[in-house]
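I'll drop the sequence and a predicted model, then ask my questions.
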Amino acid sequence: MTTTTLAVLVPLLPFLGAVAGLLLGRTAPGFVRPLAVLPVLASLALAVSVAVDQGGGLAIDSHTELTPTGSVPIELGLHIDGFAALVAVLVGVVATCVQIYSTGYLRDDPRYPSYAALVSLFTSAMLLVVYSGDLMVLLVGWEIMGICSYFLVGHYWETPEARAASLKAFLVTKLGDVPFLIGLFALATDAGSFRITTVLGAVASGGLHHPTLVALLLLAGVAGKSALFPLHTWLPDAMAGPTPVSALIHAATMVAAGIYFVARLLPVFQASAAAMVVLAVMAGVTMVGSGLAALAQDDIKRVLAYSTIGQLGYMAGALAVGDRGAAVFHLLAHGAFKALLFLAAGVIIHASGTNSLAVMSRMKDLRLRVPDAFWTMTVALLALAAIPPFSGFFSKEAVLGAAEHVATGHTEHAPGAAGWIVLVTGLATAVLTAAYATRLWLLAFRGHGAEAPDHGRQPVTMTAVLWVLAIPSLAFGLAFGPLPDWFDGRDLTPVLTTSVLGTGLALVGGIVTYGAWRHTTASAARVPLGAVAAHPDADAGHVEAEAIATHEPAFGDVARACDPADPGRLLLGPLHRHAAVGFHLDTVYSVLFVRPVQAGATLVRFLDREVVDTYVRGAGALPRWLGTAVRRAQTGNVQTYVSALLAGTVVLVVAALLVATGA
């Protein structure tokens, strides 16, 4: 079987698994779990085979025209280079772990068949984006992911939070997709083709007529899909969905798609210095803002959501300084440890019955209840904080090193201003990342107070995948040596200056947070755990759904009542209340966009009901009145009819005489 055939099967198998799962979900429920896991697992095996065959060498290209268009052709094509092959392996690994984990996490959920099918379809769409050699086919996968995220985020549709979050995710990403689509058409018009290799060839020959406009239009879609400022607000709210869905979205699909797209078409953006600076500003604001917001969150999943936004900022920063190798390196490393963080968080939610870090901080020995989650999450948090030798250290230092090269003028792949923006904000974010990672670990695992509730042992399907993901979280960073052969050949070895600065700042952030925690713990009042909901017989998915539905500690009600020993409050001071609500960006959007649209809709409704409908009602009333008058004249009395006829005859005769006399 050829490599091209194997590559076609990689996205096809999860798609077939999704179709089969939907068809057999009700009639043959025993096949649902195998259909959820086996196609994705087989796809992973084929993706590994494709990566081995590709070997970091020349790209694999194959194209077939779908249909004649008369102008710009649309082709079903593959374009698999080194980093596409590796990203596909990442998608397969995370999707397989999520499907296995979900068999335990949602074991009693009546909607599990549709959930599993949508996860498979989600995976298939992302693999289509990764392997696609044509921009229109890539767009198909791009949009399928959008609709899958809508349904999966809204899985607990009976709760208003889930319904609002799914709608928000859909609308915000669509807001970016409109200019994105226009940008794709403009790009294809200039290049004369949607084929990616042809587009890149046109860029190399100077064939783009409006590179800045095209790049900015495309960046709007990337900001929506990859949750970059200012279209990042949907991602924290998407935590209303099941935790495995969060792991999939944050680690290997959806948000990774925008970064992957820019990496794939990086020369298009490099053709405009202004676009690169804009991307750098977006990355810088995303990194720092999300770091501050993460330090103020009480919901463990929202902390991780803002963490993802910050790490996406690092990836976008690497692209802004023209180093797609560093960006994809961090994408791969982040995919492993962020999937681990979310899946471990799901185990903790199962054990504690709450999402609230404040409530967890009142539980003694929670780490003893969940030893697998404790040790693996510790590894993942160290990787997130970029502490050597964990994977996040090497990938994050690749980003900072690339920014330092551009800032100091050692390379001309991007404007120097972009380099300085990414370098300064990246170093500042290193402090914040270590701070909120330390805070999360301390509040979740170093609590004091009552015994943690015993909700039973977690299924082995939930704990086994944690150890699988812990391996790349610990060791993948050591692949910085051979990885350049799979990318652009640029060295990914950590730079001494940024390594010392980044690691030193991370240690400072962690130590200061620990000191603040000790101070607040010593002075905090002890309160009982009576507000924590007990779900001794519920599975993790039901615990999460019930916490959402009843507004229990998952959303911080108990946290506010307890006034917990939270180092984030001490570190942020008066900024805390603003950071906790995402710096009021949702309020700004409400004032600038939502309220004007609602006011316009109200005006249109008024005009439709009171003006347009008045004319319509009037047009119907006049014939009705005439009909009423005529109906009253129909008395059924023959004498009346004869009298009316004679009277009419007399009137006509008189009128005729008058006319004749006048003539």
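Nice, I can see it.

quick check: residue 566 vs residue 291, distance?
According to C-beta to C-beta, to the nearest Å, residue 566 stands 16 Å off from residue 291. C-betas here are computed from N, CA, C, even on glycine.

hmm, I typed the wrong one, I wanted residue 574.
From residue 574 to residue 291 the distance is 17 Å (C-beta to C-beta).

the two: which has the busier surroundings?
residue 291 (26 against 6; other C-beta atoms under 10 Å).

low pLDDT regions in the stretch 501-650 of the chain?
Applying pLDDT under 70 to the stretch 501-650 of the chain picks out residues 524-564.

quick one, strands of the stretch 201-350 of the chain?
Counting by DSSP state E, counting those that start in this stretch, one finds no strands in the stretch 201-350 of the chain.

where do the helices sit along the stretch 451-600 of the chain?
460-475, 496-523, 540-550, 557-562, 567-572, 576-580, 585-589, 595-606 (DSSP state H, counting those that start in this stretch).

residue 117: which of these is closest?
Closest to residue 117 of the helices of the stretch 451-600 of the chain, according to C-beta to C-beta: helix 540-550, at 16.3 Å.

and stretch 101-120, average pLDDT?
Averaging pLDDT along stretch 101-120 gives 93.

ignore the last one, stretch 236-243
93.

list of residues touching it?
102, 105-106, 115, 149, 152-156, 159, 161-162, 164-166, 168-169, 246, 249, 293, 297, 299, 301-302, 305-306, 309, 342-343, 345-346, 349, 540-541, 544, 548, 582 (C-beta atoms under 8 Å, 6 or more residues apart in numbering).

count the neighbours of residue 178 for me.
When neighbours are counted by other C-beta under 10 Å, residue 178 comes out with 13.

now the helices for the stretch 101-250 of the chain?
112-131, 135-153, 160-191, 196-204, 211-225, 234-237, 243-251.

for those helices, which one ends up most surrounded?
Highest mean neighbour count of the helices of the stretch 101-250 of the chain: helix 243-251, a mean of 29 (counted as mean count of other C-beta atoms under 10 Å).

how far off centre is that helix?
9 Å (C-alpha atoms, centre = their mean, to the nearest Å).

got the angle between that helix and helix 460-475?
20 degrees (axes from the mean of the first three to the mean of the last three C-alpha atoms, to 10 degrees).

what is the burial count for residue 93?
Neighbour tally, residue 93, other C-beta under 10 Å: 24.

next, residue 410: secondary structure please.
coil (DSSP: H, G, I helix; E, B strand; the rest coil).

most centrally placed residue in the chain?
residue 255 (4.5 Å; C-alpha atoms, centre = their mean).

that one and residue 18, how far apart?
21 Å.

over to residue 26?
In terms of C-beta to C-beta, residue 26 sits 15 Å off from residue 18.

swap in residue 27?
Counting by C-beta to C-beta - residue 27 and residue 18 are separated by 16 Å.

same check on residue 208?
38 Å.

look at these two and report which has more neighbours.
residue 18 (26 against 21).

which ones are touching that one?
Contacts of residue 18 (C-beta under 8 Å, 6+ apart): 117, 118, 120, 121, 124.

and which of the residues you listed is nearest residue 66?
residue 124 (18.0 Å).

low-confidence regions, this protein specifically.
67, 69-70, 452, 454-456, 524-564, 663.

so residue 189 sits against residue 72, correct?
Yes. Taking contacts as C-beta atoms under 8 Å, residue 189 lies within contact range of residue 72: 6.8 Å.

turn the helices of the stretch 101-250 of the chain into JSON lines, including distance to residue 612.
Shown next, in JSON lines, are these (distance: least, C-beta to C-beta, whole Å):
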{"stretch": "helix 112-131", "distance to residue 612": "41"}
{"stretch": "helix 135-153", "distance to residue 612": "33"}
{"stretch": "helix 160-191", "distance to residue 612": "28"}
{"stretch": "helix 196-204", "distance to residue 612": "47"}
{"stretch": "helix 211-225", "distance to residue 612": "35"}
{"stretch": "helix 234-237", "distance to residue 612": "36"}
{"stretch": "helix 243-251", "distance to residue 612": "44"}
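
between those helices, which gets nearest to residue 589?
Smallest distance to residue 589 across the helices of the stretch 101-250 of the chain (C-beta to C-beta): 8.8 Å, for helix 160-191.

so which elements touch the closest one?
Counting contacts by 3 or more C-beta pairs under 8 Å, 6 or more residues apart in numbering; DSSP states H and E, helix 160-191 packs against helix 135-153, helix 196-204, helix 211-225, helix 234-237.

make a markdown table out of the helices of the stretch 451-600 of the chain and add distance to residue 197 and mean neighbour count.
Output for the helices of the stretch 451-600 of the chain, formatted as a markdown table (distance: least, C-beta to C-beta, whole Å; neighbours: other C-beta atoms under 10 Å):
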| stretch | distance to residue 197 | mean neighbour count |
| --- | --- | --- |
| helix 460-475 | 31 | 20 |
| helix 496-523 | 34 | 17 |
| helix 540-550 | 44 | 22 |
| helix 557-562 | 53 | 18 |
| helix 567-572 | 48 | 21 |
| helix 576-580 | 44 | 16 |
| helix 585-589 | 38 | 15 |
| helix 595-606 | 41 | 10 |
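
of all those helices, which lies closest to residue 315?
Short answer: helix 496-523, nearest of the helices of the stretch 451-600 of the chain by C-beta to C-beta, at 15.7 Å.
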